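Engineer: show me the folded form of this:
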Amino acid sequence: MAKIIDLSVLVRDPLIFRDIKGEEYVIPGEVDLDFMLKINAYQERIKKVTKEEDSINLGRQMMIDILALDKSKDITMDLIKERFNDIRHMKIIIEQTILFIRDIVKDPNSLSLESTNRE
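Structural biologist: Have a look, this model is predicted:
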């Protein structure tokens with residue numbers, strides 16, 4: 001009998017952000033390791049910033065990277081400035097994405113990957 005580890009149970013529902021014009025940005029329920037490293041690097045850089053302008057620019061760049069996870073969208077700085085030009089938008093998108101990633105990492109299904117169906 002084969003032991004089957006079913007990784008498909010780890011795929012979560014996406015996180016969806018809706019902008020001020022009603023357009024949706026779908027963050028997939030699986031986030032790759034490189035993206036997680038990028039988010040951690042942003043967080044470290046933001047901690048060291050002393051000027052508010054630099055902090056906002058880093059936050060905008062972080063939002064570009066987050067929303068670009070929706071491969072159906074062309075996310076640019078102009079789009080961020082047009083549709084997410086509010087500190088509350090930035091805060092919500094960044095915080096909710098970080099919480100979403102933490103929830104993915106802490107998924108209780110990751111403790112029970114072994115399938116009960118054995119061949």
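
Engineer: from here on, just use CA atoms for contacts and neighbour counts.
Structural biologist: Will do.

Engineer: show me the contacts for the residue most central in space within the chain.
Structural biologist: Closest residue to the average C-alpha location of the chain: residue 97 at 4.2 Å, with C-alpha atoms, centre = their mean. Applying C-alpha atoms under 8 Å, 6 or more residues apart in numbering to residue 97 gives the contacts 15, 66.

Engineer: got it, and residue 49?
Structural biologist: Residues counted as contacts of residue 49 (C-alpha under 8 Å, 6+ apart) are residue 55.

Engineer: helices along the chain, start to end?
Structural biologist: Counting by DSSP state H, the chain has helices at residues 33-48, 52-67, 77-83, 87-105.

Engineer: just the buried positions in the second one, please.
Structural biologist: Of the residues in helix 52-67, those scored as buried under the neighbour-count criterion (16 or more other C-alpha atoms under 10 Å) are 55, 58-60, 62-67.

Engineer: as CSV, those with distance to residue 75 and pLDDT would be great.
Structural biologist: Listed next are the buried residues of helix 52-67 as CSV, based on distance: C-alpha to C-alpha, whole Å; pLDDT from 0 to 100:
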residue, distance to residue 75, pLDDT
55, 19, 91
58, 15, 94
59, 14, 94
60, 11, 96
62, 11, 96
63, 9, 97
64, 6, 97
65, 8, 97
66, 9, 97
67, 7, 97
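
Engineer: follow-up on the earlier one: need the helices of the chain in a markdown table (columns: distance to residue 17).
Structural biologist: As requested, the helices of the chain are exported to a markdown table (distance: least, C-alpha to C-alpha, whole Å):
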| stretch | distance to residue 17 |
| --- | --- |
| helix 33-48 | 18 |
| helix 52-67 | 9 |
| helix 77-83 | 12 |
| helix 87-105 | 8 |
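
Engineer: which stretch among these comes nearest residue 27?
Structural biologist: Of all the helices of the chain, it is helix 52-67 that lies closest to residue 27, at 7.0 Å by C-alpha to C-alpha.

Engineer: just to revisit the earlier point, how near is the residue nearest to the centre of the chain to residue 70?
Structural biologist: Note on residue 97: its distance to residue 70, by C-alpha to C-alpha, to the nearest Å, is 13 Å.

Engineer: I appreciate the help and will end here.
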